[in-house]
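Chemist: This is the structure alone, sequence omitted:
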């Protein structure tokens with residue numbers, strides 16, 4: 001299994017929601033202390049491919065990505 005942050009350009013990305021809300025002046029955030037981690041769609045694909053090639057079974061892959 002691969003677990004990572006917000007994948008920009010994916011159907012589940014929160015970015016379109018944030019862009020839509022920016023005009024209202026209010027950006028709802030779950031928790032002010034929360035940090036969002038973003039990766040590109042290509043980085044997400046590369047991580048999944050890497051995991052498929054390197055998994056032995058039962059691992060959880062969580063890449064270190066910038067916030």
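Modeler: Perfect, thanks for sending it. Keep in mind that what you see is a predicted model, and the values were worked out from it rather than measured.
Chemist: What's the per-residue pLDDT of residue 51 here?
Modeler: Model confidence at residue 51, given as pLDDT, is 93.
Chemist: for the protein, what spans make up the strands?
Modeler: Applying DSSP state E to the chain gives strands spanning 6-8, 38-40.
Chemist: What's the biggest helix in the chain, counting residues?
Modeler: Taking DSSP state H as the criterion, the chain has its longest helix at helix 41-54.
Chemist: got the buried residues for it?
Modeler: 43, 44, 47 (16 or more other Cβ atoms under 10 Å). Quick note: C-beta positions are derived from backbone N, CA and C, even for glycine.
Chemist: Deepest-packed of the strands of the chain, please.
Modeler: Looking across the strands of the chain with neighbours counted as mean count of other Cβ atoms under 10 Å, the highest average goes to strand 6-8: a mean of 18.
Chemist: count of residues packed around residue 62?
Modeler: 12 (other Cβ atoms under 10 Å).
Chemist: So it is in contact with residue 4, correct?
Modeler: Yes. With contact defined as Cβ atoms under 8 Å, residue 62 counts as touching residue 4 (6.9 Å).
Chemist: and of the strands of the chain, who's closest to residue 24?
Modeler: Comparison of these against residue 24 by Cβ to Cβ identifies strand 6-8 as nearest, at 20.4 Å.
Chemist: quick one: average pLDDT of the closest one?
Modeler: On average, strand 6-8 scores 83.
Chemist: Next one, pLDDT for residue 19 please.
Modeler: Residue 19 is given a pLDDT of 85.
Chemist: Please report how far it lies from residue 56.
Modeler: Using Cβ to Cβ, to the nearest Å, we find residue 19 at a distance of 40 Å from residue 56.
Chemist: More neighbours: which of the two?
Modeler: Legend: neighbour count by other Cβ under 10 Å for residue 19 and residue 56, higher for residue 19 (9 against 5).
Chemist: ok, back up a step: let's have the buried residues of helix 41-54 in CSV, adding pLDDT and distance to residue 10.
Modeler: Shown next, in CSV, are those (pLDDT from 0 to 100; distance: Cβ to Cβ, whole Å):
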residue, pLDDT, distance to residue 10
43, 90, 11
44, 88, 7
47, 91, 13
